[in-house]
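Return atomic coordinates for the entry below.
(chains A and B)
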Amino acid sequence: MSGHTTRQLKSRLLAERTRHSRHAQLKPGDVLQERYEIIGILGVGGFSCVYKARDLRFPQVTRICAIKEMINLATDPQLREIAVRSFEREAGILATLKHPAIPDVYDYFTEADRGYLVLEFIQGKDLDTLIAESPAPPPVETVLDWAAQICEVLTYLHARKPQPVVFRDLKPSNLMLDVRRRIHIIDFNIAKVFQQDAKHTMMGTEGYSPPEQYRGEASPAGDIYALGATLHHLLTGQDPRMEVPFSFAERPIHAVNPQVPPRFVSIINRCLAYDPAERYADAMALAEALRSIGPAGVNGSEPAADAEGQAPGQAAAAAATPTMVAPDSAGSQPLWRFRCEDEVRANPVVAQGLVFVGAYDNNLYALKADKGEFVWKFPAGDGIAGMPEIHKQLLFVGAADGYLYCLKTATGRQNWRFKAGGPIYSSPKVAFDHVFFGCDDGHLYAVNIHSGRLAWKAVADYAVRSTPFVGEEHVFIGTEGGTVQCIDLGGNALWQFQARRAVTSTPLVAEEMVFLGSMDNTVYALDASSGWAIWRFRTKRPVISSPAIDDGVVYIGSADGNLYALDMYSGRQKWAYQTEGQVTSSPAVANGSVYFGSTDGHVYCLSARKGELLWRFATEGYVVSSPVVVDGIVYVGSTDRHLYALPA
Amino acid sequence: MPNKTHPSRTDLAPERENGVMPDHDDPLEREIEPADIPIVGDAEAVLADDDPLEREIEPADIPVVGGPEANHTNTKPLEAVKGRAAAQPGAPVDQPVLLVTHRSETGPVRDHNEDACVAFAGQSDGSLVTMPVALLVVADGMGGHFGGQEASRLAARLVASQILSHIVQPMLQAQDLSAQAPVQDVLIDAVQSANYQIHNPHPEHESGTTLTAALIIGRRLFLAHVGDSRAYLLTNGELTQLTKDHSFIQRLQETGQLSPMEAASHPQRNVLYRAVGQGPGLDVDTSTRQLPASGQLLVCSDGLWGLVSETLIQETLCRQDLTIAERNDRLVEAAIAAGGYDNITSVLASFSW
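Just a heads-up that it's a prediction; the model follows:
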């Protein structure tokens, strides 16, 4: 290909978006063939134009027709001749078609470098204009009716002998809705008689055309895909010409229009399968499937799923949109639950066959992880909000009474305790034989785990309620003053980042990046070596939840009710799952599932990849505690005073 | 408790709107005073010499942020670095090396060059120590009547100047980096503003450009990308493509409709579904990663990667007998030798920390 063509191809997309013709158009009053007087322009395509005209052969009445003008761009005489023949063939095919939804052909002729087709004039509006003019998608019943009508005319075309006629350019702008609410398909510009062995030229509108059309293949299944794309556009309002090509599966209909019956969604998804063999074979099969939805499906009650309900391959994945029906069953039977004397807001921890959790009744409980049997409890002087840290046979936990307690895991007996300058809500972390924790007195403490003696405390300026992240060389903390600080293991501050409001969320460091949430509604990614913000993601409410990372994805909750999955390298949202309460609980990821709680009282389990609900479990209080998943068991507390063990 | 760095305003800056000139002078950003660097050395107990905590400081992890003030307050770790470097003979004690070279050729077929590039590397030494910085930008324009040339030139110029003024200049001025807008937001805003400037609704003036910008700050790489120019990273002799082409044939390959072999000769291989200048709603790909200890970063237009195989690119970059400029020349010459049907632009960075 010459460089010149390359440039033209590259600019073609830009040209198509603007939808203007570079060529001179006829003016009102111009007369063609001494018979057709131009009244106005109905539409402008790539290298064609459709005029509204009056037939002067009928002087007594006003006979209106549509005239399609095709410009012959070929300069080479041979190519010109081919273009003219192809135009005449199109006219010939069109003239043999007889269907109320296909405009009649009255006449055709050529003048200079242009070919003209005189057609029945359809009074109405094309669907592209209709979508652009209306703020919301049309009602599902209406779209279903249009789909049935389009199927009917496609059935007619696909049943033509000796070869099926493939429309090849089905899209909203080629579908006209007349004043009697009937659909007509117009503009047979590239309609071609299907020929199995011939490679056709590449044309068609990016956005609605099936992938195989770019390989030169045209079949009735291609029209099915284009109809699916058109229905997707109608129901979502998302113009595929403005989206990534062939990305329908990544933009599920339910996500923007939950009113569409699941059966209709799965039918459309099957139309949009990449592989033509996985789609409905022809319009007749599709019409059959559409009829099975019936009025009941539209009104919300779902007929029993049949074999068609599950679309194969790619379409099947797309069909599995987040379901509105909560499969409560899977997680409904806890393995056990243990009642504390007050709310369990803290996060449990599992080690040595025991589960440890602090409660607002000032006690730290140790229970048998498999049965939930009570082993011991340790009373602190005030509430325990933090998560215990286990290091070998020692357990560390802070309390609102200002003490950091070091207990023996087996017995719960106190080894030592350390008095800080204020209440401790931060969870301790052990590394390098020291325990690091934040305190409301505005310090980060490092205490020797064996002696219980202070190694150092670093000034944080603000209360530290977040849990320190202790890396190989640095400690990262968030403060109630909105700062995030990087402190070396000698207690020296290296850098500080300032968010707009408190950082209660625990920083998480991965691949030299620090991830955290802030009360300023934002999730931040910082460069771990400099503290420079890399990206930020804004939610609608404060982010108290701490992030979890798995396979390049950051999972974090927000008080706006969502659990978000963000690409860790760009901050781009992969999916969001909306609960009915606030998500201040921090997610846990295990075996491809994400577990978290919401103030709507539920513990949720979603698929990590797509955010689809796998199960949820209802407690009788808020779930602000963060689940921990060990050996197929989810441990989580609730303000209903219980610690639950659920099957993962 | 002091609260002076805690702004009282609770509302957040409005979300960036598509097609609207981004406002870099976000007043909220400016409201935040330079962050206090907490008092250092406030430790109330001193660790023993054999304490493992003391041994964990690595030279690579002493960043330079917050300007000279930060350096002064952090004298202790800096001393530790010197001590360590001296104590380990054979350990690399050199300054980080970051070199950048570039070349853009019209090629034997085209009559003008619609590509544009910016190559830039900044390092400092002596009493001024900032993180090394490099910027590699390639734009490949499209659109007739020199519109493509204009578009690529404008995009490269706008994106480079915004990155320099919003990222590099604050570093040199020792401004508090933590108060700056996220690097990725600066990159996206820069590309969006180029998109806004280039977009012309009149069809006879329509033009667009690809844009791939790679920014290295310290050991971190940031990418902003639209179109089918590419960024490659060479690590341990392995070449990895870091960007995804926004082309139809790329999507067709992703949907399994096209093999890479078919794609190479597909008549629509140059049709993009995303370009700078396309108008409102431009989606900019961004990503970040930590760079390896040493390697090379190549940003190039399709005039190079469309004609030179990845194997040959990889082999050329691995040539130890050539300087970085010579390697880059070899790449461009290979594309010309293969036909040079398109403009060829190649920007190459070599780094070791």
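
Give me every residue in the stretch 251-400 of chain A lying close to chain B.
Applying the criterion C-beta under 8 Å from any C-beta of the partner chain, the portion of the stretch 251-400 of chain A that neighbours chain B consists of A:274-275. Just so you know, the C-beta spots here come from the backbone N, C-alpha and C atoms, and that holds for glycine as well.

State the number of residues packed around the residue of the stretch 251-400 of chain A found nearest chain B.
Nearest residue of the stretch 251-400 of chain A to chain B (C-beta to the nearest C-beta) works out as residue A:274 at 4.6 Å. The local packing count at residue A:274 equals 21, with neighbours defined by other C-beta atoms under 10 Å in any protein chain shown.

Tell me if I'm right that it and residue A:211 touch.
Yes - between residue A:274 and residue A:211 there is a contact at 5.7 Å, judged by C-beta atoms under 8 Å.

any residues in contact with both of those two?
Between them, residue A:274 and residue A:211 share the neighbouring residues A:246, B:255, B:257, with contact defined by C-beta atoms under 8 Å, 6 or more residues apart in numbering or on different chains.

burial of residue B:184, as a residue count?
Burial of residue B:184, expressed as a neighbour count using other C-beta under 10 Å, amounts to 25.

my guess is it contacts residue A:527, does it?
No - here residue B:184 does not reach residue A:527: they are 10.9 Å apart, not a contact under C-beta under 8 Å.

which neighbours do those two share?
Both residue B:184 and residue A:527 are in contact with residue A:534, where contact means C-beta under 8 Å, 6+ apart.

Residue B:105: what's it in contact with?
For residue B:105, the contacting residues are B:113, B:332, B:336, B:340, B:343-345, taking C-beta under 8 Å, 6+ apart as the criterion.

repeat that for 7 Å
By C-beta atoms under 7 Å, 6 or more residues apart in numbering or on different chains, the contact list for residue B:105 reads B:332, B:336, B:343-344.

And residue A:152, by the same measure?
Contact criterion C-beta under 7 Å, 6+ apart gives residue A:287 as the residues in contact with residue A:152.

any idea which helix or strand carries it?
helix A:140-158 (DSSP states H and E).

What is the burial count for residue B:264?
Residue crowding around residue B:264 was assessed by other C-beta under 10 Å; the count is 13.

same question, residue B:259
The tally of other residues near residue B:259 (other C-beta under 10 Å) stands at 10.

Can you tell me, leaving aside adjacent residues, what's nearest to it?
The shortest distance from residue B:259 to any residue that is not its chain neighbour, by C-beta to C-beta, 6 or more residues apart in numbering or on different chains, is 7.4 Å, and that residue is residue B:253.

same thing with residue A:148?
According to C-beta to C-beta, 6+ apart, the nearest residue to residue A:148 is residue A:290 (5.6 Å).

tell me the pLDDT at the residue in the stretch 151-300 of chain B that chain A sits nearest to?
Ranked by C-beta to the nearest C-beta, the top residue of the stretch 151-300 of chain B for proximity to chain A is residue B:182, at 3.7 Å. Per-residue pLDDT puts residue B:182 at 93.

isn't there a helix covering residue B:117?
No - counting by DSSP: H, G, I helix; E, B strand; the rest coil, residue B:117 is not part of a helix but strand.

was I right about it contacting residue B:137?
Yes - between residue B:117 and residue B:137 there is a contact under C-beta atoms under 7 Å: 6.1 Å.

okay, the two: which has more neighbours?
When neighbours are counted by other C-beta under 10 Å, residue B:117 and residue B:137 differ, and residue B:137 comes out ahead with 29 against 23.

In three-state terms, how would that one be classified?
Under three-state DSSP, residue B:137 comes out as strand.

give the contact list for it.
Listed by C-beta under 7 Å, 6+ apart, the contact set of residue B:137 reads B:117-118, B:156, B:159-160, B:213.

likewise residue A:211?
So residue A:211 contacts A:246, A:274, B:252, B:255, B:257 (C-beta under 7 Å, 6+ apart).

wait, doesn't the second one sit right on residue B:254?
I take that to be residue A:274. No - because the distance of 9.4 Å does not satisfy C-beta under 7 Å, residue A:274 is recorded as not touching residue B:254.

thinking again about what came up before, go through the shared contacts of residue A:274 and residue A:211 and give me the one with the most neighbours.
Greatest neighbour count in these, by other C-beta under 10 Å, goes to residue A:246: 25 neighbours.

on that earlier part again, quickly list what's touching both of residue B:117 and residue B:137.
Here residue B:117 and residue B:137 share the contacting residues residue B:156, scored by C-beta under 7 Å, 6+ apart.

tally of neighbours for the residue nearest to residue B:259?
Per other C-beta under 10 Å, the neighbour tally for residue B:253 reads 17.

How is it assigned, secondary-structure-wise?
Of the three states, residue B:253 takes helix according to three-state DSSP.

Name the residue of chain A that lies nearest to chain B.
Across chain A, no residue is closer to chain B than residue A:456, which sits at 3.1 Å (C-beta to the nearest C-beta).

bridging residues for that residue?
Beta bridges link residue A:456 to residue A:446 when assigned by DSSP bridges.

pLDDT value on it, please?
Taken from the predicted model, the pLDDT recorded for residue A:456 is 93.

just checking, it touches residue A:491?
Yes - with contact defined as C-beta under 7 Å, residue A:456 counts as touching residue A:491 (3.8 Å).

ok, the two, which is more surrounded?
The neighbour comparison of residue A:456 against residue A:491 (other C-beta under 10 Å) goes to residue A:491, with 27 against 23.

How about the residues of the stretch 151-300 of chain B by chain A?
Residues of the stretch 151-300 of chain B found near chain A, taking C-beta under 7 Å from any C-beta of the partner chain as the criterion, are B:177-180, B:182-184, B:201, B:203, B:206, B:208, B:218, B:220, B:248, B:251-252, B:255-258, B:267-268, B:270-273, B:275, B:278-279, B:281, B:286-290.
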